[in-house]
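>>> Coordinates for the following, if possible.
(2 chains)
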Number of protein chains: 2
Amino acid sequence: MKKFMNDAQQFVPEMLQGIALANPDTLRYEPRHNLIMRADAPRDDKVSIIQGSGSGHEPAHVMMVGRGMLDGACPGDVFAAPPMDYVYESAKRLASDAGVLLLVNNYTGDRMAFEMAQELAEADGMKVRTLFIDDDVAVQDSTYTVGRRGVAGNFFVMKAVGAASEEGAGLDEAIRIGEKVNAATRSMGIALTPCTPPAKGSPLFELADDEIEVGVGIHGEPGRRRAKLVSADEIVDELLGAVVPDLPYESGDRVALMINGLGGTPISELYVLYGIAHRKLAERGITVGRSYVGEYCTSLEMAGASLTLVRLDDEIERLLEAPAEVAYRVF
Amino acid sequence: MKKFMNDAQQFVPEMLQGIALANPDTLRYEPRHNLIMRADAPRDDKVSIIQGSGSGHEPAHVMMVGRGMLDGACPGDVFAAPPMDYVYESAKRLASDAGVLLLVNNYTGDRMAFEMAQELAEADGMKVRTLFIDDDVAVQDSTYTVGRRGVAGNFFVMKAVGAASEEGAGLDEAIRIGEKVNAATRSMGIALTPCTPPAKGSPLFELADDEIEVGVGIHGEPGRRRAKLVSADEIVDELLGAVVPDLPYESGDRVALMINGLGGTPISELYVLYGIAHRKLAERGITVGRSYVGEYCTSLEMAGASLTLVRLDDEIERLLEAPAEVAYRVF
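Got it, this is the predicted structure:
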């Protein structure tokens, strides 16, 4: 295992401290519950948006805290759901008269932690609701889920709900928007290599030199099948062949297209995939209205990529366009 | 070799086409010379800023074209300087009454291409100047350079010169600013793994499971020495120990701190390095005024990172803060 780290047990806290040090004016870090939160949150006129999940998926979700996105994120250790009390304490810390919305990628461990935290918070008299994200079309049930997994498409739910809450949307309205975006969003990924969690020290699974995992989960869970490495054209065919008919996305649709890197794949390769997908969608009569190419939801240093489509309408597009500022930025 | 690609010979053109398709309103792609340019360039009241270099360093430089940054980038193939005629034709295409400024990372191949292109352009009566960037403190001369190499610190030169030219700075003023930023900037990198250029199909060098290359170049060139993998704390000590005394950066200085990923390293590890570097600089009395954590200048899928410092003054900080918009973005 070759990583830039000190003690594996301190990997996540050291990362969180780095994020806080790099954003002293906009973010606060509360180490006891792995909480990264906006310095100006909570505001009683704004629904507080919180996302948890395991670490190892950065920039999701701790680097997505900021204006127009999340109010807080309280990750667990690498690939481990946050403990229930992290979520509960984060919800208390970010409690607002307008309510708290918990965004949860659909994994059994995360559901448990967030649902128990919600119950506790409600017993305290807090207004808390939970929204599940399940955009991955690869498999119906999986190693860590009943139902579909939540993967990179969660970015669009965060973005839309974050923008709406910034504009003053109430809790019901934020949930309506989040569910609408989740319902319009489908993803699937392909791994070229496994990844190694710091505390484990060895790869999560093995892939031969000429093999890929089609429909891989973001914790290295198996997908649909092992296959031989094929050309970028064929990989995009496989991804679009799974994602497009699922909603279905149809001729005349306008979509957001995301090519998400899983951590170890250079952005040059992501743009190769993007160009191919853009052209193949055009051949199907589907127009790409918004483009997202880069790392949004990763699996440590796994080489691989996922493709996400969101069917746009005026409301979704306006919310995706709204300004936002997070730790994950270029300038 | 496991990559998302079709034909290795078409890797760069397919990437460039992807960039253009993702940015139809703001960028234009001229395939004959690998040129990605701003859709609104050239403007006769603005110096045109062009950078070339080999591909494989993305987002440098093709994804850094846009408002407040480059007017155009004309990369060569992976790790190969652009042919002289790419630079010459790009300069002609972006010729402006205000002049053209060529930014060149200091590598012998790039220098040759850009210097010859400048001569040809001047023979045509164009106003063209060249600025060399050489921020890497690792080695004095190297495999591909006489003098120091230009690495991730080139981002700050692009940013400052791009902002100044956007504000109407003339060619002399843009050069003054670029040279000032280059003189205030120092970098060094460490590789954990090699990388594999698409056309070569095998790794550029070998590193044992417990080895790192200290002071690595961005084309896999040797640095200062091979060493055993050590903790993140010790790696930051090594990087700061080389970079800080070189300028030197001193107690009381205010700096920009960049932790740049070399392609295969997850951003979580970069934030671990960032946090350590921030604290160790504070111990030396050096204040981090601006933070940059992510991928700025990569070597394909190489795992590794570099550290860059820029000594800030009011002028440099204002230019780094100025708005900019490029293909490399989150939202």
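
>>> neighbours around A:D209, how many?
7 (other C-beta atoms under 10 Å in any protein chain shown). C-betas here are computed from N, CA, C, even on glycine.

>>> near chain B, which residues of the stretch 1-150 of chain A show up?
Residues of the stretch 1-150 of chain A that fall close to chain B, judged by C-beta under 8 Å from any C-beta of the partner chain: A:2-6, A:11-12, A:14-19, A:21-23, A:55-56, A:58-59, A:63.

>>> repeat that for 6 Å
Contacts of the stretch 1-150 of chain A with chain B, taken as C-beta under 6 Å from any C-beta of the partner chain, map to A:2-6, A:14-15, A:17-19, A:21-22, A:58.

>>> okay, those residues in CSV with pLDDT next?
Listed next are the residues of the stretch 1-150 of chain A next to chain B as CSV, based on pLDDT from 0 to 100:
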residue, pLDDT
A:K2, 96
A:K3, 97
A:F4, 98
A:M5, 98
A:N6, 98
A:E14, 98
A:M15, 98
A:Q17, 98
A:G18, 98
A:I19, 98
A:L21, 98
A:A22, 98
A:E58, 98
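
>>> between those, which is nearest B:D134?
Minimum distance to B:D134 across the residues of the stretch 1-150 of chain A next to chain B is 25.5 Å, recorded for A:F4 (C-beta to C-beta).

>>> Quick check: nearest residue in space to the closest one, chain neighbours excluded?
B:E269 (4.1 Å; C-beta to C-beta, 6 or more residues apart in numbering or on different chains).

>>> The one you found is in contact with A:M1, isn't it?
No: counting by C-beta atoms under 6 Å, B:E269 stays clear of A:M1, with 11.6 Å between them.

>>> neighbour count winner among those two?
B:E269 (28 against 15).

>>> Wait, a helix at that one?
Yes: with DSSP: H, G, I helix; E, B strand; the rest coil as the criterion, B:E269 is located in a helix.

>>> Which pLDDT does the model give it?
At B:E269, the model reports a pLDDT of 98.

>>> Now do the strands in the stretch 101-250 of chain A.
Remark: strands assigned in the stretch 101-250 of chain A by DSSP state E, counting those that start in this stretch are A:128-133, A:185-191, A:211-214, A:225-228.

>>> helices or strands up against the longest one?
Under the contact criterion of 3 or more C-beta pairs under 6 Å, 6 or more residues apart in numbering or on different chains; DSSP states H and E, the helices and strands touching strand A:185-191 comprise strand A:211-214, helix A:232-243, strand A:304-311.

>>> from these, which stretch is densest packed?
Mean neighbours per residue, mean count of other C-beta atoms under 10 Å in any protein chain shown, is largest over the helices and strands packed on strand A:185-191 for strand A:304-311, with a mean of 27.

>>> So which elements touch that strand?
Short answer (3+ C-beta pairs under 6 Å, 6+ apart): strand A:304-311 packs on strand A:185-191, strand A:254-261.

>>> okay if I get those strands as a markdown table plus mean pLDDT?
Converted to a markdown table, the helices and strands packed on strand A:304-311 look like this (pLDDT from 0 to 100):
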| stretch | mean pLDDT |
| --- | --- |
| strand A:185-191 | 98 |
| strand A:254-261 | 98 |
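
>>> looking at those, which is buried most?
Comparing the helices and strands packed on strand A:304-311 by mean neighbour count (mean count of other C-beta under 10 Å), strand A:185-191 ranks first with a mean of 28.

>>> Report the angle between it and strand A:254-261.
30 degrees (axes from the mean of the first three to the mean of the last three C-alpha atoms, to 10 degrees).

>>> Might you list the low-confidence residue ranges for chain A?
Flagging of chain A using pLDDT under 70 yields an empty set of residue ranges.

>>> thinking again about what came up before, now the strands of the stretch 101-250 of chain A in JSON lines, please, with extra columns for distance to B:R28.
Converted to JSON lines, these look like this (distance: least, C-beta to C-beta, whole Å):
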{"stretch": "strand A:128-133", "distance to B:R28": "37"}
{"stretch": "strand A:185-191", "distance to B:R28": "31"}
{"stretch": "strand A:211-214", "distance to B:R28": "34"}
{"stretch": "strand A:225-228", "distance to B:R28": "37"}
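
>>> possible to save the helices and strands packed on strand A:304-311 as a markdown table with distance to B:Y328?
Shown next, in a markdown table, are those (distance: least, C-beta to C-beta, whole Å):
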| stretch | distance to B:Y328 |
| --- | --- |
| strand A:185-191 | 22 |
| strand A:254-261 | 13 |
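
>>> tell me which element the closest residue to A:D44 other than its chain neighbours is part of?
Once flanking residues are discounted, A:D44 sits nearest to A:D97: 4.2 Å by C-beta to C-beta, 6+ apart. For A:D97, there is no helix or strand it lies in under DSSP states H and E.

>>> what residues does the stretch 201-331 of chain A put near chain B?
A:229, A:231-233, A:263-264, A:266-269, A:271-275, A:278, A:291, A:293, A:300-301, A:324, A:328, A:330-331.

>>> Return the subset of these lying in helices.
The members of those that map onto helices under DSSP state H are A:232-233, A:267-269, A:271-275, A:278.

>>> Can you turn the buried part of those residues into a PyMOL selection?
Filtering these down to the buried ones (16 or more other C-beta atoms under 10 Å in any protein chain shown) takes a single PyMOL command:
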select buried, chain A and resi 232+233+267+268+269+271+272+273+274+275+278
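
>>> Of the ones in helices among the residues of the stretch 201-331 of chain A next to chain B, which pair is most distant in space?
Across those (C-beta to C-beta), the longest gap, 19.0 Å, separates A:D233 and A:I267.

>>> now the ones in helices among the residues of the stretch 201-331 of chain A next to chain B in TSV, with distance to B:S90?
TSV is the format used below for these (distance: C-beta to C-beta, whole Å):
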residue	distance to B:S90
A:A232	27
A:D233	29
A:I267	22
A:S268	20
A:E269	24
A:Y271	20
A:V272	22
A:L273	26
A:Y274	23
A:G275	21
A:H278	24
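
>>> Show the contacting residues for A:L171.
Taking C-beta atoms under 6 Å, 6 or more residues apart in numbering or on different chains, we find A:L171 in contact with A:47, A:99, A:129.

>>> who wins for neighbours among those residues?
A:V47 (29 neighbours).

>>> Show the contacting residues for it.
Neighbour list for A:V47: A:98-99, A:101, A:165, A:171, A:174 [criterion: C-beta under 6 Å, 6+ apart].

>>> 8 Å - rerun?
A:96, A:98-101, A:165, A:169-171, A:174 (C-beta atoms under 8 Å, 6 or more residues apart in numbering or on different chains).

>>> Any idea which of the helices and strands packed on strand A:304-311 gets closest to A:A41?
Closest to A:A41 of the helices and strands packed on strand A:304-311, according to C-beta to C-beta: strand A:185-191, at 25.7 Å.

>>> That concludes my questions; thank you for your assistance.
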